[in-house]
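Novice: could you look at this predicted model? Sequence included:
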Amino acid sequence: MKKQTLMLVLIGVILFIAGSAIAYASVQGAKKNVSSTSTGSPVSYSAVVAKSNIPAGTTGQTMEAQGLVALELIPSKSYSPTDLTSLQGLTDEVLNAPVQKGQAVTATELTISTQAISIPQGLVAMTVDISGAQDLAGYLQPGSHVDIYANITKMSAGGAAGASAAIPIPCTELAMTNIEVMDVSSTSPSLAGTKAPVGSTSSSGRTVPGSETMLLALTPAQTRTLQFLSQDEAISVVQPDQEVNPPPVGQCIGTDQTVTAP
């Protein structure tokens, strides 16, 4: 009887040890799988990839309509955070650089398309490049209205006889008022976004663009005038209070006229 009891106890101990070993091996295997899944990076990412060579100037709508792009899985080593992950990112955009077949389309290669900009009826759109403080240092936003000034430094050779004597050179005139800015190439970050955190004495400051390209809505006559002034003279823009009366348009104020206007 004692012998049988001892045998049963021994068998129980053996089964317990075997069961414990199996359970331990299962837990370790599960941990290893979880660890490899959680710490490992994804094998691939979904991105918008060019199906053929796409030239600069191609709109997003054209790329989609002609099947020039498609969503594909790309290896994680080839993925960039700027890669488009949805075809919706092409809406109202245009390529500013060519994309080769097999490459992912990135956000840095896209800019807003003029097809997405509505030109007011009876007006035309014109771009001008202004540098330095004359462009309001990037503080302009699409939808703003500006007054445009011209600094006249050259005498016109084709004017009426005696007209040159009546115009002081150099001089500055208000060329046109209340011009709508439909788009700008860049804007300055807000002051709130660059303030130093509480308790900190340093601030990153704001980076303003050294030059600005503005898309303006003009009448055909204003377009001709601004085309001449932007090519042959220096222009600048100001953003006025709409309730303030501007000086007369076309009146050029120069040397000896700063105290009493002509």
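Specialist: Okay, I see it. Numbering: from 1, shown residues only.
Novice: what about the nearest residue to T62 once chain neighbours are set aside, how many neighbours?
Specialist: In space, and not counting its chain neighbours, T62 is closest to L68: 7.3 Å by Cβ to Cβ, 6 or more residues apart in numbering. The C-beta positions use only the backbone N, C-alpha and C, and glycine is treated the same way. When neighbours are defined as other Cβ atoms under 10 Å, L68 has 19 of them.
Novice: can you tell me which residues contact L68?
Specialist: L68 is in contact with A50, K51, S52, I54, T58, T62, counting by Cβ atoms under 8 Å, 6 or more residues apart in numbering.
Novice: which strands and helices sit next to the lengthiest strand in the chain?
Specialist: Counting residues, the longest strand in the chain under DSSP state E turns out to be strand 171-184. Counting contacts by 3 or more Cβ pairs under 8 Å, 6 or more residues apart in numbering; DSSP states H and E, strand 171-184 is packed against strand 145-152, strand 211-218, helix 220-232, strand 252-254.
Novice: avg pLDDT for that strand?
Specialist: Averaging pLDDT along strand 171-184 gives 90.
Novice: break the protein into its domains for me.
Specialist: As given by automatic domain parsing, the domain ranges for the chain are 44-114, 118-156+164-189+208-254.
Novice: weakest of those domains in terms of mean pLDDT?
Specialist: Mean pLDDT values for these show the minimum at domain 118-156+164-189+208-254, a mean of 84.
Novice: and D129, what does it touch?
Specialist: S211, E212, T213, S230.
Novice: list the contacts of the residue lying closest to N178 once chain neighbours are set aside.
Specialist: Distances taken as Cβ to Cβ, 6+ apart put H145 closest to N178, at 5.2 Å, once the chain neighbours are dropped. Listed by Cβ under 8 Å, 6+ apart, the contact partners of H145 are N178, I179, E180, V181, Q239, Q242.
Novice: got it, and Q239?
Specialist: Contacts of Q239 by Cβ under 8 Å, 6+ apart are L136, Y139, L140, S144, H145, V146, D147.
Novice: which one of those is nearest T111?
Specialist: Proximity of the contacts of Q239 to T111 was ranked by Cβ to Cβ; the top entry is L140 with 17.1 Å.
Novice: that closest one contacts Q134, doesn't it?
Specialist: No: look at L140 against Q134 with Cβ atoms under 8 Å: they stay out of range, at 11.6 Å.
Novice: what's the overlap in contacts for these two?
Specialist: In contact with both L140 and Q134: V237, using Cβ under 8 Å, 6+ apart.
Novice: more crowded one of those two?
Specialist: Shown here are L140 and Q134; by other Cβ under 10 Å, L140 has more neighbours (23 against 16).
Novice: can you tell me the closest non-neighbouring residue to that one?
Specialist: L140 sits nearest to V184 (Cβ to Cβ, 6+ apart), 5.2 Å away.
Novice: list the contacts of the one you found.
Specialist: The contact partners of V184, taken as Cβ under 8 Å, 6+ apart, are G138, L140, Q141, P142, E212, T213, M214, L215.
Novice: perfect, I'm done here.
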